[in-house]
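Engineer: structure for the following, please:
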Amino acid sequence: MTDDELDRLADLIARTLLESRSDSASAPRTPWLPTPVRPAPPARGTEPPPWTGAAQALDDVAPSRTEPRAPRFRASAGELARATRAAAAGKAPPPERATREPERRLTRPRPAGAPAIDVRVGVSNRHVHLSAEHVVHLFGTSPLSVARQLSQPGQFAARETIDVVGPTGRIDGVRIVGPPRQETQLEIARSDATALGVEPPVAASGSLDASIGGVTLVGPAGRVELRRGVIIAARHLHLAPADARRWGLGDGDRLDVRCGAGARAVTLHDVLVRSGDGDATELHLDVDEARAAGLRTGDGATVIAWRAPVDARRPLVTERDVLEIARRGGRVPANAILTPSARDRAASLGLIDQ
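Structural biologist: A predicted model of the protein is given here:
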């Protein structure tokens, strides 16, 4: 194109732009793209569409302002744990019973009109039961000397005491309870464990499979480092055979016991019954439990419910359980069922007998 033609073309384009600008001032602008319009929802029938949550019943999950419906059966965490262990041990119930049978309440209240079971409270301070070997190591002589007889037949508080040293603290003057036992056992309260820097389990006196070590007993003639035997003694009721027959209770029963008065009154659950020829009727609590309820030795308590002992189940131990047992300084229970990896790890750590 020549220069004249280019000039005419530029002039034409300029006039066209001016005309379109003047027209747009009076007429509405046309959008570049059409305005989006939300499509109409599909026609709804009597049933809600499958992608909504309208059909979900939430009455057993969240509060509802309407009249609540009966909740569907949901197994408790404890029941699921028991079912899992039973399945691993090959003792699980049939599936239809395992999923539909509700958890049974194991405690039962005293029948109406039954005579009250009132017992005496004995507050048990920290103490240690020594083996005959450890008596010699700590004191260089045997036997222990008797300071006073205790309420349980045949047991006495010794004149001798020891000091207990833990990772973060020590407790001096811990009383020895005689006579000597087959294995040394240190019974402390939760507050004592915190002071020493250890975390012992709650266990029945004499049941040391889950006990821990990590403390040192110091006597005038030597020291003993415990690898196991430290527990927080579970609350228990010593029951004389005559009282056991009169009240219809037996060794191994579990009780609910009401004790204390006024605002400090408490109900203690899962109280173990220890009944035999060497038992005198007395409820034993540690100092932490007694202080919480405002109790002293000689105060009264009342049994309000009880249940019979359940059949012992062999515990299932996994590799993670073995590591936790090793951390506590314990040993794998002799009757435990171990997974293959747990057995290999326990054998490598020396926590089971080959």
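
Engineer: hmm, residue 288 and residue 189 touching each other?
Structural biologist: Yes: assessed by Cβ atoms under 8 Å, residue 189 is found in contact with residue 288 at 4.4 Å. C-betas here are computed from N, CA, C, even on glycine.

Engineer: which one of those two is surrounded by more residues?
Structural biologist: residue 189 (20 against 14; other Cβ atoms under 10 Å).

Engineer: residues contacting the more buried one?
Structural biologist: Contact analysis of residue 189 by Cβ atoms under 8 Å, 6 or more residues apart in numbering lists 126, 232, 286, 287, 288.

Engineer: buried ones from the residues you listed, can you make that a PyMOL selection?
Structural biologist: Buried members of the contacts of residue 189, defined by 16 or more other Cβ atoms under 10 Å, are picked up in PyMOL with:
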select buried, resi 126+232+286+287
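
Engineer: can you tell me which two in the contacts of residue 189 are farthest apart?
Structural biologist: Across those, no pair lies farther apart than 232 and 287, at 11.2 Å, counting by Cβ to Cβ.

Engineer: about what we covered before: among the contacts of residue 189, which one lies nearest to residue 169?
Structural biologist: Closest to residue 169, out of all of the contacts of residue 189 and judged by Cβ to Cβ, is residue 126, at 13.0 Å.

Engineer: could you report the neighbour count for the closest residue to that closest one other than its chain neighbours?
Structural biologist: Spatially, and ignoring its direct neighbours in sequence, residue 126 is nearest to residue 188 (4.7 Å; Cβ to Cβ, 6 or more residues apart in numbering). As a burial measure, residue 188 scores 28 neighbours (other Cβ under 10 Å).

Engineer: can I get the contacts of residue 189 in JSON lines including pLDDT and distance to residue 208?
Structural biologist: Putting those into JSON lines (pLDDT from 0 to 100; distance: Cβ to Cβ, whole Å) gives the following:
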{"residue": "126", "pLDDT": "95", "distance to residue 208": "17"}
{"residue": "232", "pLDDT": "95", "distance to residue 208": "12"}
{"residue": "286", "pLDDT": "95", "distance to residue 208": "17"}
{"residue": "287", "pLDDT": "94", "distance to residue 208": "21"}
{"residue": "288", "pLDDT": "95", "distance to residue 208": "21"}
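
Engineer: so what's residue 173 up against?
Structural biologist: Residue 173 neighbours (Cβ under 8 Å, 6+ apart): 161, 163.

Engineer: secondary structure class for it?
Structural biologist: strand (DSSP: H, G, I helix; E, B strand; the rest coil).

Engineer: next: residue 326.
Structural biologist: helix.

Engineer: now it: how far from residue 253?
Structural biologist: 34 Å (Cβ to Cβ, to the nearest Å).

Engineer: likewise residue 319?
Structural biologist: Residue 319 is 35 Å from residue 253, by Cβ to Cβ.
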